[in-house]
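Colleague: Below: sequence and its predicted model.
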Amino acid sequence: MLSMIARRFRALGDPSRLRLIQLLESGEKTVGDLAQALDSKQPNVSKQLQMLHEAGLVGRRREDNSIYYGIADPFVIKLCELVCRRTTEQAQEEFDELGAGAAPFLHRKQGS
């Protein structure tokens, strides 16, 4: 069980794979569609999709001569949303702390 969890986190540990998940959130797409959206080469996109597929995050289906990829586990979208939200909150907190630390310097300059 832990190895399956680790495989999923490894699959999510790459910005290009996260971007693929983001693109697939709106619906199924072919490798060509995804490569074009990422301005990347099809073999590179296929390799990333394969890793997401092996982790159980992305599914695929054949229709005529095309293979369509889509989100296999909708929870991955929720997980990404949670991580993004928390990262944004932490960045805002750090920014606010930075601003609070600069306040004495700003007041000193204005009063000079």
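Modeller: On my side now, so go ahead.

Colleague: domains of the chain?
Modeller: Domain segmentation of the chain under automatic domain parsing yields 1-73, 74-112.

Colleague: Adding mean neighbour count, write those domains out as TSV.
Modeller: Bear in mind the C-beta positions are built from the backbone N, C-alpha and C, glycine included. Compiled in TSV, those are given as follows (neighbours: other C-beta atoms under 10 Å):
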stretch	mean neighbour count
domain 1-73	15
domain 74-112	10
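
Colleague: comparing these, which gets the lowest mean pLDDT score?
Modeller: Taking the mean pLDDT of each of the domains of the chain, the lowest value is held by domain 74-112, a mean of 77.

Colleague: For the closest residue to Glu25 other than its chain neighbours, give its distance to Arg17.
Modeller: Setting aside the residues directly before and after it, Glu25 is nearest to Ile77 in space (C-beta to C-beta, 6 or more residues apart in numbering), at 5.7 Å. With distances defined as C-beta to C-beta, to the nearest Å, the gap from Ile77 to Arg17 amounts to 14 Å.
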